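*Asks:* below is the sequence, then the predicted model.
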Amino acid sequence: QVQLVESGGGLVQAGGSLRLSCAASGRTFSRYAMAWFRQAPGKDRDFVAAISYSGGTTYYADSAKGRFTISRDNAKNTVYLQMNSLKPEDTAVYYCASSRVGGATDYERGYDYWGQGTQVTVSS
């Protein structure tokens, strides 16, 4: 059974930083792309960033470019999202997702396993 467990969320002031982690188990982590999505209250879930199975390719939403960095450690079965220069509009529940394939994509249906989410709140 595949499990994805996010951690690292919390409350931070605008301009601050957070590092989210997602620990995966139950499948060969290094074979699959991983991604982060987020969902703000009353809004749809949106793509944030994705990383290919090897870590060689990354893909970001425009809102994340230049501020967020996705990375992975296949030896630790963990994917990370470093978030800098946080803004109040980054406030959301952040979800880790595991892809059906090795290539990174922003297509939500390309991900077949999801974590429970971690809350990120950015105060102004």
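*Replies:* Nice, thanks for sending it over. Numbering: from 1, shown residues only.
*Asks:* helix, strand, or coil at the spatially most central residue of the chain?
*Replies:* Centroid-nearest residue in the chain: residue 36, 2.3 Å away (criterion: CA atoms, centre = their mean). Classification of residue 36 using DSSP: H, G, I helix; E, B strand; the rest coil returns strand.
*Asks:* could you do residue 30 as well?
*Replies:* Classification of residue 30 by three-state DSSP places it in helix.
*Asks:* buried residues, the host helix or strand of residue 48. List them.
*Replies:* In the assignment (DSSP states H and E), residue 48 maps to strand 45-51. For strand 45-51, the neighbour count (16 or more other CB atoms under 10 Å) marks 45, 47, 48, 49, 50, 51 as buried. C-beta coordinates here come from the backbone N, C-alpha and C atoms, glycine included.
*Asks:* ok, the second one to residue 24 distance?
*Replies:* Here the distance between residue 47 and residue 24 works out to 19 Å (CB to CB, to the nearest Å).
*Asks:* ok, whichever helix or strand residue 59 is part of: who's next to it in the sheet?
*Replies:* If you go by DSSP H and E, residue 59 is part of strand 58-60. Sheet partners assigned to strand 58-60 using DSSP bridges are listed as strand 45-51 (antiparallel).
*Asks:* can you classify residue 42 as helix, strand or coil?
*Replies:* Residue 42 ends up coil, using three-state DSSP.
*Asks:* let me know how buried it is, in neighbour terms.
*Replies:* 5 (other CB atoms under 10 Å).
*Asks:* hang on, the earlier thing: what's in contact with the strand holding residue 59?
*Replies:* Outside strand 58-60, the residues that touch it by CB atoms under 8 Å, 6 or more residues apart in numbering are 48, 49, 50, 51, 52, 68, 69, 70, 104, 105, 106.
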